[in-house]
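K.L.:
Any chance you could fold what I've pasted below:
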Amino acid sequence: MDRLFNKVQFLKGVGPRRSNNLGRLGAETIFDLFWNVPRAYFNRDNCKKIAELQIGENASIRGLVKGTRLSRSRNGMHIFKVVLEDSSGIISAVWFNQPFLSGIIKTGQELFLSGRLRDSYRIAELNVSEYEIIENEDQNAEIVPVYALSEGLSQKFMRAVMLQVIQDYLPYYPEILAKNIREEYGLCDIAFAFSNIHFPEGGEAYLKARKRLALEELLLFQISLRNEEKLAGDYVIHRVKSDLLKDLQNMLPFELTDAQRRVLQEIYRDMEAPYNMNRLLQGDVGSGKTVVAAMAMARAVASGFQAGIMAPTEILAEQHYLAMQSLFSGSGVVIARLTGGTPAAERRMITQALARGEIDLIVGTHALIQDELLFKDLGLVVIDEQHRFGVKQRALLAAKGKAPDVLVMTATPIPRTLALTVYGELEISVIDELPPGRKMVKTRFTRPSAKNKLYSFMRRELEKGSQVYVVCPLVEESEKQDLQAAVSLYEELKSGIFPGFVVGLLHGRMKSKDKEILMKEFKEGRIQLLVSTTVIEVGMDVPNASVMIIEHADRFGLSQLHQLRGRVGRGTRQSYCIMVAEPKTEEALKRLKAMENSNDGFELAQMDLLIRGPGDFWGVKQHGLKELKVANLAKDQKLIELSRELAKKLNTQDMEFCELYIEKKFKKTEDIAPN
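P.N.:
Numbers count the residues shown, from 1 in each chain. Predicted structure coming up:
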């Protein structure tokens, strides 16, 4: 098995230079090459004649290059065209923004092309998605793999290397699934899988190979996650010793929804059981997760334990602190807040009081996981917007107690398939019901050219007494410019467009105290229009705010747009979300139209996962997800379920194989880091 981790440099025909080129593709060892699966395939026996092509269809053709031309459009886009001829006719094929192709594709070459035929100004053109220059190799193969390439590599070279790897090294690749398990679930063996993912014998063989390899990496991912999430130590059992829980429920100014009651029963059952609770609480924006978390923490405190809730931003921590103070008012529960902005003297007092057990409930940010912070008897850990924290950060907070129960929450609706994969052993509770009386937020997409009309609408709403958010994007790559744009927009709205209203500016670089003051003024209605970066994506709860304007909305993913929309629609007023954008891609336009057509966060999350993939879905680098080469988290739902089941069945010998694979295949990334 050690041979699998030989360097690719020593393969025949590779050498140091090509080894570096393969390294750019992530292929440093033989093992890496096995998992460097083709990105597409050409079916040479399935090519159409040019004369048979229909507008709108995806098809593959084969022909001779009769001429080439590189030009630029009015907006500066490079357009490369070739005229291709076969025995039935001639067609123009086009590539966008790939000017380097003019040095690769030449008149007289024979090409395979795949793409969609479109009508361009009444002229049929093939928009090319895949191409290959036909050479004198593999002419007898029906299905030919197409690999991702880097500089200095060709398809001919990649196929030759992979053929050598399959022939010489496949016998050394271990089989981790026993024959009886493969037969039970209709799975091919690993040798058949790798052979037919790289060089399929046919369509059916490819599908069998793909199923096995997709399951293989999902299974390895499940095992790696289980190993990281494993909690050592004992467990706590929460036995209520006071009337706090009953009193808190009686003091609530509203009735809990059926969904909240159901979820609370699931949480209470775990808290009373002789094992660690490890539960994920999902709920769409405005569904009432905070109240559920408060009731769970009340149960912990009523049982004689301390509770802590950790949020990813100071703004969200502040909102939780204010919410807890309101909910526990008059109960005698001692609540403290600890963030990066807490003064040193106050921090020392809180740290000492927490260690003595004088604080029942603490709300904070990453400050809660600092070494000097100790609890006397921590019984419950609540982690909000949990996808913004890494495994190690969650474990550090859980380690503050002997073996506290853990409840992680997210307002980002997560498709069940992704939740099962990312969270491994966590049980899942879903609040799938909004509080009664909530009105649907009316959502519209408009272009910057309609700004005057938009400002008139905002003025009318402000005159009615509503409050308005205007959100500007803020991304790491252009943070300085984005912040300048937000400040400029603030000045423009404050002085030139809405001089009769109080306009505020909120962004992540402000001091904690300044943020706190500004948020309080907005919540109390003293600020009517708030210009903000996406720091308000979660945490702001202002029932009187009924208009959300999202600038450059095409730069956000669907889930983030939905989160921003969730800042309005929390009161009795009819609320609106206006997305201002000039989308430059079909994908961006799809996202905006989807927002117009749906208020269902789970439906939008599934679409976002399909459009952008799991890594970008989070907006952060999630451990392992971007390394998946075969599995598709949006489509392989049954395989995800099966991988969880099989992860429990592997024996000790299998696990020894898996540990090495996990180390090599899922090259460990550190914790998730917020944008």
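K.L.:
Show me the longest strand that occurs in this structure.
P.N.:
strand 58-72 (DSSP state E).
K.L.:
Could you list every helix and strand in contact with that strand?
P.N.:
Judged by 3 or more CB pairs under 8 Å, 6 or more residues apart in numbering; DSSP states H and E, strand 58-72 is in contact with strand 78-86, strand 89-96, strand 110-120, strand 123-133. Bear in mind the C-beta positions are built from the backbone N, C-alpha and C, glycine included.
K.L.:
To Gly67, which of those strands lies closest?
P.N.:
Evaluated over those, closeness to Gly67 peaks at strand 78-86, with 4.5 Å, by CB to CB.
K.L.:
Could you check the closest one and say which residues are buried?
P.N.:
78, 80-84, 86 (16 or more other CB atoms under 10 Å).
K.L.:
Specify which member of the residues you listed is nearest to Asp371.
P.N.:
For the buried residues of strand 78-86, the nearest to Asp371 is His78 (54.4 Å; CB to CB).
K.L.:
looking at it, the closest one is touching Arg72, isn't it?
P.N.:
Yes - contact criterion CB atoms under 8 Å: His78 and Arg72 qualify, at 5.9 Å.
K.L.:
Quick check: closest non-adjacent residue to Ala355.
P.N.:
Leu374 (4.6 Å; CB to CB, 6 or more residues apart in numbering).
K.L.:
Give the buried residues for the longest strand of the chain.
P.N.:
Quick answer for strand 58-72 (16+ other CB under 10 Å): 59-65, 68.
K.L.:
In a markdown table, list those along with pLDDT.
P.N.:
What follows is the buried residues of strand 58-72, written out as a markdown table (pLDDT from 0 to 100):
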| residue | pLDDT |
| --- | --- |
| Ala59 | 83 |
| Ser60 | 85 |
| Ile61 | 88 |
| Arg62 | 87 |
| Gly63 | 89 |
| Leu64 | 92 |
| Val65 | 92 |
| Thr68 | 92 |
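K.L.:
show me where the stretch 251-400 of the chain has helices.
P.N.:
258-272, 289-302, 314-327, 344-356, 391-398 (DSSP state H, counting those that start in this stretch).
K.L.:
any idea which of the ones you listed is most buried?
P.N.:
Highest mean neighbour count among these (mean count of other CB atoms under 10 Å): helix 289-302, with a mean of 25.
K.L.:
Next, the angle from it to helix 314-327.
P.N.:
60 degrees (axes from the mean of the first three to the mean of the last three CA atoms, to 10 degrees).
K.L.:
What average pLDDT does helix 289-302 get?
P.N.:
For helix 289-302, mean pLDDT is 94.
K.L.:
What is the end-to-end distance of stretch 35-55?
P.N.:
Distance across stretch 35-55, first residue to last, is 36 Å (CA to CA, to the nearest Å).
K.L.:
From the chain's centroid, how far away is it?
P.N.:
Remark: stretch 35-55 is offset 31 Å from the chain centroid, using CA atoms, centre = their mean, to the nearest Å.
K.L.:
Buried ones in that stretch, by neighbour count?
P.N.:
35-38, 41-44, 47-48, 50, 53.
K.L.:
of those, the lowest pLDDT goes to which?
P.N.:
Arg44 (67).
K.L.:
residue farthest from the centroid of this protein?
P.N.:
Distance from the C-alpha centroid of the chain, by CA atoms, centre = their mean, peaks at Ser87 (47.8 Å).
K.L.:
tell me the contacts of it?
P.N.:
Lys49 (CB atoms under 8 Å, 6 or more residues apart in numbering).
K.L.:
before we move on, what about Leu153?
P.N.:
18, 21-22, 25.
K.L.:
Just the ones of those residues in helices?
P.N.:
Counting by DSSP state H, the members of the contacts of Leu153 that fall within helices are 18, 21-22.
K.L.:
Please list only the buried members of those.
P.N.:
Here, 16+ other CB under 10 Å leaves 18, 21-22 buried among the ones in helices among the contacts of Leu153.
K.L.:
what's around the nearest residue in space to Lys649 that is not next to it in sequence, how many residues?
P.N.:
Closest residue to Lys649 apart from its sequence neighbours, by CB to CB, 6+ apart: Ile181 at 6.8 Å. By other CB atoms under 10 Å, 14 other residues sit near Ile181.
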